[in-house]
Structures are given as structure tokens and as C-alpha cells.
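# need coordinates for the below:
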Amino acid sequence: MPAGVATGHPVTTEVGLRTLAAGGTAADAAVASVLACCVAESVLTGIGGGGFATYYEAATGTVTCLDFFCSVPGLDRDVTAGPMVPIAVNFGGIPLRYSIGEASVAVPGVPAGCGAVHGRWGRLPWQRIVEPAITLARSGVVLPTAQARTLASVAPALVPGVGAEIYAPGGKLLEGGDLLYHPGLDVALSLLAEHGPATFYTGQIAALTVATVRAGGGALGPTDLAAYQVRELPVADAEFAGRHVYGRTDLNRTVPTIAGLPRDLPALGRTARARTLARALLAPGRQKVGDTTNISVVDEEGNACVVTVTLGIGSGVWVPGLGVHLNSMLGEGELFTPNLAPGQRVASMMCPLVVVDDAGDLVLAVGSAGASRIRTALLHTLVNVLVDDLDMGTACGRPRFHVVADEPGAGVVHAEPGYPDDELAALDRAGYEINQWDQQSYYFGGVSAVGRAGAAGDPRRGGVGLLC
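Sure, this is the predicted structure:
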């Protein structure tokens, strides 16, 4: 099993590789990469968001899932949140509605999650893990063309207020090759390096965060931050193509979906397989974009750490002087389940996975961005690698389709250009409406994967994967 790193940005991958080269574990490299992506991939994520981690320990064959997603505020019970700010994002010709502003901000989990992963499985000093992100924040990072296209889609959430100075300096949106720079983010990361994650929950950054959110009508309070804890989750498992897939049970039920696939799927012809996958992916019509990224790392000892992090679409609220963009998780209506109360976690579709063989040895570490398309991207990638035996780069870049249910029993298949015509024709005959896209798009997810087939980041989001 080769060691390697796959992320959504060349710089993020480089940070992970340098951390491994310095003697770090998969956890060290993953955390360093997460913090780096909060600088380099801020169109997609940020330290003011939340996420999940799946860790495979080679020595024992143990898989652990950690939840550091965003929690519902309101434990202080001394304020009532004001209204959120409605916005529309045009995506694939479809206007999607979100809510942003201070009232959309939930309790962030990324700082606590990074601390928990490092504290449990890391080896290098904490300051060494944070330092690369500080360096990037001081210099700025080149924006990949793929992420510039994403910025153009989600600009209504990113350019209000302080965001205009960052993403549209001089009134013009950044383009691919431009420098992305966050004034003050190096200060926030330096405080994180010196004081640890506690500064975001009971320290200097916590106080500024509460003051900022409450000044705009949000409910986030000091008790919400101080009470936040990372949680260990039950690990779900599924057999697929002679291997064992492990991860959390997410809102889209990715692992149960894999477990429900027929055992003879690898033996089916491609048209029959397409119909089978379409049935498995048929789900309520969730179309949200989601600003998310994924990091997958395998170290030389065979340990794996897969981390997926998100801001929602972003609240447009920034902690003054610190370059920290806060999440919009309370404005993501599709993520809310009944009876959510203060202190409880918002639901999520993120599902970092590890795959092992019958001997318990690692085969693949994989995760994806993409909101409701995360499950879609992961299933296509698993089929491409484990059934069709493709190398990782080809597997991640291969055209995909995603199914959206418009009404019970009917569905629309959104397909990327290059998806085989005979398979789409079979889906058409099966009763699906076919919507053929004219270009490959980050709508169809953002996979990052390291495994026996190599390492790759998703070309739809400017991702890069490299082996050591």
C-alpha cells in the first residue's frame, strides 16, 4: 500500500506530503492539510465550519469515525435569533435558495476536530502541524481555475461585506491564477498554534466570534462554544466487490446504500449496472451545492485518515481582523431533521470512507465533497476502482451521473458529457428523464482518494493526488 495524499488543491496536497516526509502520521498530514485547505480552498471550506474524520489504524485494523460537525446554538437561552438573509445561487440553470447572515451561523467544529484527530493519532508537535497554514495565510495562494468557476457560482454567499475585499477586489471576481489572500487569517492560525483549539471555544477568538454573530442577530453564545465536544460515532460497514467498506451513516445513507447493492453487481453488463446504480441513488430531490472539500492520506505504516470539511455555502459573516469566515449551517434547510434542539448536531451528507480486504489490509481511503452528490461520487469511484480496476486518476475523472427524484417512482438523471450513450439510453428506457450536461462540473462531487490504484484529486475541483 503506497503512502500518499489527495486533496482539492495542489498546495494542500504539498503540505500533507511535507508533513509525511517530516515523520508525521496520516493524522498529522491530514490535520496539516485541513488547516492548509482552510487557507487555499476557502471558496469551498474554512476553519469556521465542521466536518467528519474516518481513521484506519493499520496495526490493529481498527476503524474510528469522529464527528466534529456544527451544532445548533441556543444553550445560553438569552437571545432569540433574528431573520436570516435569503439568497439565490444559479447552478446548472437552476436557481437554488439559501439563507445566510449571522442568524445562519452554527457552532463550528473544525478547530476541535483537528485537535482531536491530532491528539489521538498524531506524532509531530501541534505547532509544527499548524505552521504550514500560517505560512500560506501570510503569502496568499493561487486560485485554481476550477475553484474560480465555483466562486462564480457561489459569489452571492461569499462577496457580501468583508468577502468582497477577498473574492472581488476592485469589484472584479477573482479568476483562475489570481492570488487568494485573507488578511488576518495568519493571526487566527497563530493563535491556534499557540493556544490550541481552545482559543476558538473559550479564548480570544471565541469572544470575538460571539460578539460578531450577536451584533447581527445570531443566537451563538459563549455557552454554545464552551460546551462543544468532538464525538466518536458508530462505524457502519458494507461488503462490496469482495472488500469491506467502513464509514459513518450519513443523511444520504451512503454505507447502507452500498450494502444494499446486489452481490452480482460486478458481473453485470454496464447497461444493467447503470440501471442498478440509478435505482440505488434514487432519493428525494436534494440539489444544494455545498462548499465542501476532502482530504485523504495514507502514511508509510499503512494508516489512513480521511477528513471531509465544509462551511455550508458560507454565511458572509467574518470574525473581524482574523480572516475567519463563519459557516451558514442553520441556513441549509435540507440538513435539518425534526426536533433539533440547542446543542444537537446538524445532519450532514459527508461520508469519509476506508476500504479493506478480507485480511484487514487497507485498499482505499476515499472521501468526497458535493452535498447530495457525495454518495453519487463515492459509488461511482468505488465501482471504477474496485470493479473496473481503473487507476485512481482515471477513476476520479471518469464521467458520472446523478439521480434526482422529482416525484415518487420517477427520477431525473443528470449526466456529464462523455457518459456512455448506451447506458443513458438504457436509463431512458427505464423511465428516467435524461439531462445531459455540456461540461464536467463540480456539481458531480469532488473525490480525493489514495489507495493501491494510486492517488488522485478530482479534476472538477482542481484536486491533486500524489504518492510519496
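# give me every residue that touches the residue nearest to residue 274 when sequence neighbours are not counted.
Nearest non-adjacent residue to residue 274, counting by C-beta to C-beta, 6 or more residues apart in numbering: residue 423, 4.0 Å away. Heads up, the C-betas are built off the backbone N, CA and C, glycines and all. By C-beta atoms under 8 Å, 6 or more residues apart in numbering, residue 423 lies in contact with 270-271, 274.
# tell me how many other residues crowd the residue lying closest to residue 403 once chain neighbours are set aside.
Excluding its sequence neighbours, the residue lying closest to residue 403 (C-beta to C-beta, 6+ apart) is residue 281, at 4.3 Å. Residue 281 sits with 22 neighbouring residues when counted by other C-beta atoms under 10 Å.
# now do residue 281 against residue 59, distance only.
36 Å (C-beta to C-beta, to the nearest Å).
# repeat for residue 322
For residue 322, the distance to residue 59 (C-beta to C-beta) stands at 39 Å.
# same check on residue 398?
Residue 398 is 34 Å from residue 59, by C-beta to C-beta.
# neighbour-wise, which of these two wins?
Comparing residue 398 with residue 59 by other C-beta under 10 Å, the one with more neighbours is residue 398, at 16 against 8.
# for that one, give me phi and psi.
The phi/psi pair for residue 398 (degrees, to the nearest 10) reads phi -60, psi 140.
# look at it and report its pLDDT.
pLDDT recorded at residue 398 is 97.
# just checking, it touches residue 380?
Yes: assessed by C-beta atoms under 8 Å, residue 398 is found in contact with residue 380 at 7.0 Å.
# how far away from the center of its chain is the helix or strand encompassing residue 148?
Assigning secondary structure by DSSP states H and E places residue 148 in helix 145-158. Distance, stretch centre to chain centre, for helix 145-158: 16 Å (C-alpha atoms, centre = their mean, to the nearest Å).
# hang on, residue 404 in a strand?
Yes: applying DSSP: H, G, I helix; E, B strand; the rest coil, one finds residue 404 inside a strand.
# ok so, going back, list of residues touching the helix or strand just after the helix holding residue 148?
Heading C-terminal from helix 145-158, the first helix or strand you meet, by DSSP H and E, is helix 163-167. Residues from elsewhere that reach helix 163-167 (C-beta under 8 Å, 6+ apart): 42-43, 151, 155, 158-159, 171, 173-174, 180-183, 314, 316, 318, 323, 325.
# same check, this time on stretch 265-275
Here stretch 265-275 has contacts from 240-241, 262, 276, 383, 387, 401, 420, 422-427, 430, using C-beta under 8 Å, 6+ apart.
# can you tell me the distance between the two ends of it?
Distance across stretch 265-275, first residue to last, is 11 Å (C-alpha to C-alpha, to the nearest Å).
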